[in-house]
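S.K.: Here is my input; please provide its structure:
(chains A, B, C and D)
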Number of protein chains: 2
Amino acid sequence: MELKQPATVTLAEVAEAAGVGESTVSRVLRNHGSFSGKTRERVMAAVERLGYVPNRIAGTLASTGSRLVAFVIPSLSNIVFPDVLRGASAVLEENRYQAVFSVTDYDPGKEEALVAAMLAWRPAAVMLAGYEHSDGTVKMLRASGCRVVELLDLDGDALDIAVGFSNRAAGRESAAFLLKRGYRRIGYVGHDLNRDTRAGKRFSSFCETLDARGAPLVAREILVGASSVENGRLGLERLLARTADLDAVYFSNDDMALGGYFHCLAEGIAIPSKLAIFGYNGLDIGRAIPQPLSTVRTPRVATGEIAAKLVVANAPSQAVDLGFELIEGATA
Amino acid sequence: MELKQPATVTLAEVAEAAGVGESTVSRVLRNHGSFSGKTRERVMAAVERLGYVPNRIAGTLASTGSRLVAFVIPSLSNIVFPDVLRGASAVLEENRYQAVFSVTDYDPGKEEALVAAMLAWRPAAVMLAGYEHSDGTVKMLRASGCRVVELLDLDGDALDIAVGFSNRAAGRESAAFLLKRGYRRIGYVGHDLNRDTRAGKRFSSFCETLDARGAPLVAREILVGASSVENGRLGLERLLARTADLDAVYFSNDDMALGGYFHCLAEGIAIPSKLAIFGYNGLDIGRAIPQPLSTVRTPRVATGEIAAKLVVANAPSQAVDLGFELIEGATA
DNA sequence: CGTTTTTTTGGCAGCGCTACCAATCTATTG
DNA sequence: CAATAGATTGGTAGCGCTGCCAAAAAAACG
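M.R.: Numbering: from 1, shown residues only, chains lettered A, B, ... in the order given. A predicted model of the protein is given here:
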C-alpha cells in the first residue's frame, strides 16, 4: 500500500475550524494560560475531527528550551546501557521528554562526532558514559549551554552533573573481599580496557589493593574485543593453561565471569574450593545459576532514573553517588 | 560549575562573519548546490572561529522531510530490542539519521500514546514491534504519511514495511524438531503471552503442530511478568512438580530456557536424556554453557539493519523475510 | 448602572533555516 | 568583442508554532 503524503493539518487549520485564534488553540493544547471550558471543548472537537497532530519541531523552534535528551552511549550489547536507558526513559516519558540516542562503540572520535550531531538538535541535556572524553567533545559540551550528565563513573571531575558510583572503590572492595576470604594467588580475565575505561579503573585499583596487601596479581588475560560470555570462557581457559595454582580469578564483569563459571563447570573444576570466581555488575542471571555468582551489584537502572530526574528538574551541578553492593554469592 | 546560556551562534552570524549570504553558508554546510572553493574556505573558517553548530530543529522545519526515525519498542530488558536498535542505529548513523525511542512495556495503550508523541516529531519513519496495534495506533500511523516498519513478525498484514521472520514457523519447526528427536511428552514454560504476542504465536503454532502429530502438549506453566532466567527456573520447577515423566520442555525464549537448564543442573536432572530443553532466540550465552542450548537463532541485529536501510532508501512497501536458523545444540 | 478588575481572546513578530528565484559573474563560442 | 551559456551568489518568503501585548468580554464592586 502506498502511503500518500496527506497534507498535514496545521494549528492554523484547527483554529479556523474551531472558530478561534491560533494562540487560543496553542494554549488549550498545552493547557497553559487561560481559556474557557467552552473554548476548550470546541478546540478539542476540531482537533479530533481533523486528526491534528501538533508539530513539536515547530513548537521547539518557537519556544526556548527543547524537551529532547540525548544519550551518547558506548554500546547496546553491554546490558549496562540498555539498563540505564530503561531507567531514564521511564522518567523522561512521564515528563513528556523525548530520548534520542546514538552509539559510539567505545570510540572517542566517534563520540565527538556524535555529540556534535546531537547538539544540533539542541537537546535539554546530553548524557554520556564516564569522564573520559576528547578535548573537542568537552569544548563543544561546554559551549553548548545544555546540561551534561556523565554516567556510571565518579572517579574524576564532572563537567556538570555526574550520577553513578566509584569504579575504583568497586575494584578495591572486590580485591579486599577476595583477600579476606583467604585467596592469595589471584588472576584477572578482562576485555579491552583502553576502550572501557570504567573496567580499566576497576582493574587498576583492584591491582593496587592486592599490591598493598602483599598479594600482587599473579596473572592476567586480556581479550581483544568486547566482553562476552564466550570471551570469559576462553579467557579463563587460556589463563589456566598458562598459570598453575591460581585460587581466584577476578573478571571484568559478570558476562565474562559467567563464561569462566561455565568453563569450570564443563571442566569439572570445583568452585570455589579449587577456583573462586568474582564478577561485576550483579546481573540477574548470576543469581539463577546453581551457585550464585559472587559479584558487585551496580544500580544501573537507578542511575538512569536519577539522571533523568535531575535533568527534568534542572537541578544544579552535582555528583550523585548511588553506591554499589558487594554480593557474596557462592563462587568466591 | 554553572553553565551559562551562551548566545547561540546562528547561520546569519556566520554569513555576516564570512562576508557571504545566508543561503551560501547553508549550501556550503550541506554541500549542496554550487559554490567556489574560496567561498567554501571562508565559510568554514567562520564556522570554526565562531564555533557554529547548525540547528537541525530549524533545518528540519524549513525543509520537507526529517531525518528522525522513531522506535516504539516494548522493552529494553529483553535483549531482542537492544539488538534491533543496535543494527538500526549503525545504519542510521552512517546516513546522518537520528534515532529516537520510547518504551511501551508491552502495553498497547501506552504504545498508542507514545506513537502519538512520536508523530509529533514528524519522523521519517516509525518502527514498531509486530503487527498487533490498537485501532487508534493504526489510524494515526496511516494518517501520518510517514513510513511505518513493523519488526520481528511476519504473521499478519503489514501496514507498510515489515522486516523479520515468521514466529509461527519458528514454533512449528521447534515442535517438529522435538518430535523428530522422539520426544512425546512435551511441556511448555512461558511468560505473559497476552503482552508478548510474538511468543504467543510461537506457542500456538507449536501446540498445533504437536496436536497434528498426535502428541499434544502435556502441560504448561505460564508465569506472570516478563521473561527472565529466574522465571524460567521457577517455571520448570513448578511444571516438574506438577507433571511427571515429561521428556522435553519448550520455553518461550532462551532466557527462560537457561533458567530451566540451570534448574536441571542444580537438581541433577540429566539433559537431554532425562529431560530435553528447547529455547528461542539463539543468544550467545546459550552456546557458552557446558551443553550448547538447542534453540532457534533469530536475526535480530539484521532486522534492525535491513529496516533502517529500507527507510533510508525510501523503499516501496514490502515484507522482508529474514528467516531463522534452528540450532540443534546439545540440550534436545 | 458605571467603573474597575479579572479572565479570555486574537494578532503578529519572530525562532533559524531551506527552497526558490532572480541577479551577478565568469568562461566559452562564433 | 558581443553574445550566450554556465557557475556562483544573495534576497526573501515561508516552515508551524509560541510568546508577548493589547483588545474584548465577563465578573466583581460600590
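
S.K.: Could you export the host helix or strand of residue A:48 as PDB, CA atoms only?
M.R.: Secondary structure from DSSP states H and E places residue A:48 in helix A:37-50. The C-alpha trace of helix A:37-50 is given here as PDB (Å, rounded to 0.1, in the frame of the first residue of the first chain):
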ATOM      1  CA  GLY A  37     -14.300  25.400  29.200                       C
ATOM      2  CA  LYS A  38     -16.500  26.000  26.200                       C
ATOM      3  CA  THR A  39     -13.500  27.100  24.100                       C
ATOM      4  CA  ARG A  40     -11.600  24.100  25.200                       C
ATOM      5  CA  GLU A  41     -14.300  21.800  24.000                       C
ATOM      6  CA  ARG A  42     -14.600  23.400  20.600                       C
ATOM      7  CA  VAL A  43     -10.900  23.200  20.100                       C
ATOM      8  CA  MET A  44     -10.700  19.600  21.200                       C
ATOM      9  CA  ALA A  45     -13.500  18.700  18.900                       C
ATOM     10  CA  ALA A  46     -11.800  20.300  16.000                       C
ATOM     11  CA  VAL A  47      -8.500  18.600  16.800                       C
ATOM     12  CA  GLU A  48     -10.400  15.300  17.000                       C
ATOM     13  CA  ARG A  49     -12.300  15.900  13.800                       C
ATOM     14  CA  LEU A  50      -9.200  16.900  11.800                       C
END
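
S.K.: okay but residue A:171 is in contact with residue A:200, surely?
M.R.: No - applying C-beta atoms under 8 Å as the test, residue A:171 and residue A:200 come out as separate, 9.5 Å apart. Placement of C-beta: from N, CA and C, glycine included.

S.K.: re the thing from before, now do the helix or strand following the helix holding residue A:48: everything it contacts.
M.R.: Sequence order places helix A:56-62 as the next helix or strand after helix A:37-50, per DSSP H and E. Helix A:56-62 is contacted by residues A:66-68, A:98, A:122, B:55, B:57-58, B:60-61, B:66, B:120-122 when judged by C-beta atoms under 8 Å, 6 or more residues apart in numbering or on different chains.

S.K.: contacting residues around the residue of chain A found nearest DNA strand D?
M.R.: Of all residues in chain A, residue A:11 sits closest to DNA strand D, at 2.7 Å by C-beta to the nearest atom of the strand. By C-beta under 8 Å, 6+ apart, the contact list for residue A:11 reads A:22, A:25-26, A:29, A:52, A:54-55.

S.K.: Between the contacts of helix A:56-62, identify the one with the most neighbours.
M.R.: In terms of neighbours by other C-beta atoms under 10 Å in any protein chain shown, the contacts of helix A:56-62 top out with residue A:98 at 27 neighbours.

S.K.: Look up phi and psi at the closest residue to it other than its chain neighbours.
M.R.: In space, and not counting its chain neighbours, residue A:98 is closest to residue A:68: 5.3 Å by C-beta to C-beta, 6 or more residues apart in numbering or on different chains. Main-chain torsions, residue A:68, degrees, to the nearest 10: phi -100, psi 140.

S.K.: can you give me the strands in chain A?
M.R.: Taking DSSP state E to define them, one finds strands in chain A at A:68-73, A:98-103, A:125-129, A:147-151, A:161-164, A:186-190, A:219-222, A:248-251, A:276-278, A:295-297, A:318-321, A:325-327.

S.K.: Tabulate those strands (CSV), appending distance to DNA strand C.
M.R.: Shown next, in CSV, are the strands of chain A (distance: least, C-beta to the nearest atom of the strand, whole Å):
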stretch, distance to DNA strand C
strand A:68-73, 15
strand A:98-103, 18
strand A:125-129, 18
strand A:147-151, 18
strand A:161-164, 25
strand A:186-190, 44
strand A:219-222, 45
strand A:248-251, 48
strand A:276-278, 51
strand A:295-297, 45
strand A:318-321, 29
strand A:325-327, 46
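
S.K.: which of the ones you listed sits most buried?
M.R.: When these are scored by mean count of other C-beta atoms under 10 Å in any protein chain shown, the highest mean neighbour count falls to strand A:248-251 (a mean of 30).

S.K.: quick one: residue A:147 and residue B:281, what's the gap?
M.R.: Separation of residue A:147 from residue B:281 (C-beta to C-beta, to the nearest Å): 37 Å.

S.K.: Could you do residue A:304 as well?
M.R.: Residue A:304 is 24 Å from residue B:281, by C-beta to C-beta.

S.K.: For the two, indicate the residue with more neighbours.
M.R.: For residue A:304 and residue B:281, the more surrounded residue by other C-beta under 10 Å is residue A:304, and the numbers stand at 30 against 26.

S.K.: Extract the residue ranges of chain A that are flagged as low pLDDT.
M.R.: Counting by pLDDT under 70, chain A has low-confidence residues at A:1-7.

S.K.: How is it divided into domains?
M.R.: With domains defined by automatic domain parsing, chain A comprises A:11-54, A:68-165+A:300-323, A:167-297.

S.K.: Can you add distance to residue B:320 and give those domains back as CSV?
M.R.: Formatted as CSV, those follow (distance: least, C-beta to C-beta, whole Å):
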stretch, distance to residue B:320
domain A:11-54, 28
domain A:68-165+A:300-323, 22
domain A:167-297, 28
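
S.K.: right, and these - which one's nearest residue B:80?
M.R.: Among the domains of chain A, domain A:68-165+A:300-323 comes nearest to residue B:80, with 10.8 Å by C-beta to C-beta.

S.K.: Make sure residue A:265 is actually in contact with residue B:291.
M.R.: No - judged on C-beta under 8 Å, residue A:265 makes no contact with residue B:291 at a distance of 9.8 Å.

S.K.: ok so, going back, help me see whether the helix holding residue A:48 makes contact with DNA strand D, please.
M.R.: No - using C-beta under 7 Å from any atom of the strand, helix A:37-50 never reaches DNA strand D; the gap is at least 9.5 Å.

S.K.: Quick check: residues of the stretch 1-150 of chain A near DNA strand D?
M.R.: A:8, A:10-12, A:22-23, A:26, A:29-30, A:32, A:54-55, A:58-59, A:61-64.

S.K.: just the buried members of the residues you listed?
M.R.: Neighbour-count burial (16 or more other C-beta atoms under 10 Å in any protein chain shown) applied to these gives A:11, A:26, A:29, A:54-55, A:58-59, A:61.

S.K.: Need the max-distance pair from those.
M.R.: Greatest spatial distance among these (C-beta to C-beta): A:29 and A:61, at 16.4 Å.

S.K.: so what's residue A:187 up against?
M.R.: By C-beta under 8 Å, 6+ apart, the contact set of residue A:187 is A:217-221, A:239, A:243, A:246, A:248-250.

S.K.: Alpha carbons of stretch A:123-139, in CSV - could you do that?
M.R.: Once non-C-alpha atoms are left out, stretch A:123-139 reads as follows in CSV (Å, rounded to 0.1, in the frame of the first residue of the first chain):
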residue,chain,number,x,y,z
PRO,A,123,18.8,18.9,23.5
ALA,A,124,18.0,19.9,27.0
ALA,A,125,20.7,17.6,28.1
VAL,A,126,23.4,15.2,26.8
MET,A,127,24.1,12.1,28.7
LEU,A,128,27.4,10.3,28.3
ALA,A,129,29.2,7.4,29.8
GLY,A,130,32.0,8.3,32.2
TYR,A,131,34.5,11.1,32.3
GLU,A,132,36.9,10.3,29.5
HIS,A,133,36.1,12.5,26.6
SER,A,134,38.2,14.1,23.8
ASP,A,135,39.1,17.7,24.2
GLY,A,136,36.8,18.5,21.3
THR,A,137,33.9,16.8,23.0
VAL,A,138,34.4,18.7,26.2
LYS,A,139,34.8,22.0,24.4
